[in-house]
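> what's the 3D shape of this:
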Amino acid sequence: MFERQPVEGADGFIPDFLLHVAESVPALHSPVFTNAVGADIYQQWVTASQSVYDTSHQRQVPTALIGSVDAYPALYDRDAFSALLDHTS
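Below you'll find the predicted structure:
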């Protein structure tokens with residue numbers, strides 16, 4: 001999963017890298033995707049998302065909140081996650 005991940009602190013998700021990785025996903029072989037990547041269509045969304053993450057108190061990935069409850073400790077345990085869902089609903 002992390003084989004092609006850029007080093008921490010570097011913006012490795014440049015258009016050439018994204019298009020190279022997308023070559024392994026048949027559904028992304030389209031002019032629409034290529035143009036979206038090339039035009040940085042989602043850059044504003046990425047920047048806003050990163051800003052929200054940076055100002056949150058979350059420091060692990062994946063981050064999952066159910067309501068305001070940090071679900072990370074239960075993400076990989078079916079029984080614990082079910083109990084969390086039951087408790088927060």
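
> run the chain-centre distance for stretch 63-77.
Relative to the centre of its chain, stretch 63-77 is centred 15 Å away, using CA atoms, centre = their mean, to the nearest Å.

> next: stretch 53-71.
Here stretch 53-71 shows a centroid-to-chain-centroid distance of 12 Å under the convention CA atoms, centre = their mean.

> this protein: helices as residue ranges?
Listed in chain order, the helices of the chain (DSSP state H) span residues 15-22, 31-38, 43-55, 78-88.

> okay, now the unreliable bits of this protein?
Low-confidence regions of the chain, defined by pLDDT under 70, span residues 1-2, 4-6, 9-10.

> centroid residue for it?
P62 (7.7 Å; CA atoms, centre = their mean).

> contacting residues for that residue?
Contact partners of P62, counting by CB atoms under 8 Å, 6 or more residues apart in numbering, are Y72, L75. Placement of C-beta: from N, CA and C, glycine included.

> would you mind measuring from it to L85?
16 Å (CB to CB, to the nearest Å).

> what of I41?
35 Å.

> cool, and A64?
For A64, the distance to L85 - CB to CB - is 11 Å.

> over to D54?
Plainly put, D54 is 28 Å away from L85 if you go by CB to CB.

> who has more neighbours out of the two?
For D54 versus L85, neighbours defined as other CB atoms under 10 Å are more numerous around L85 (13 against 8).
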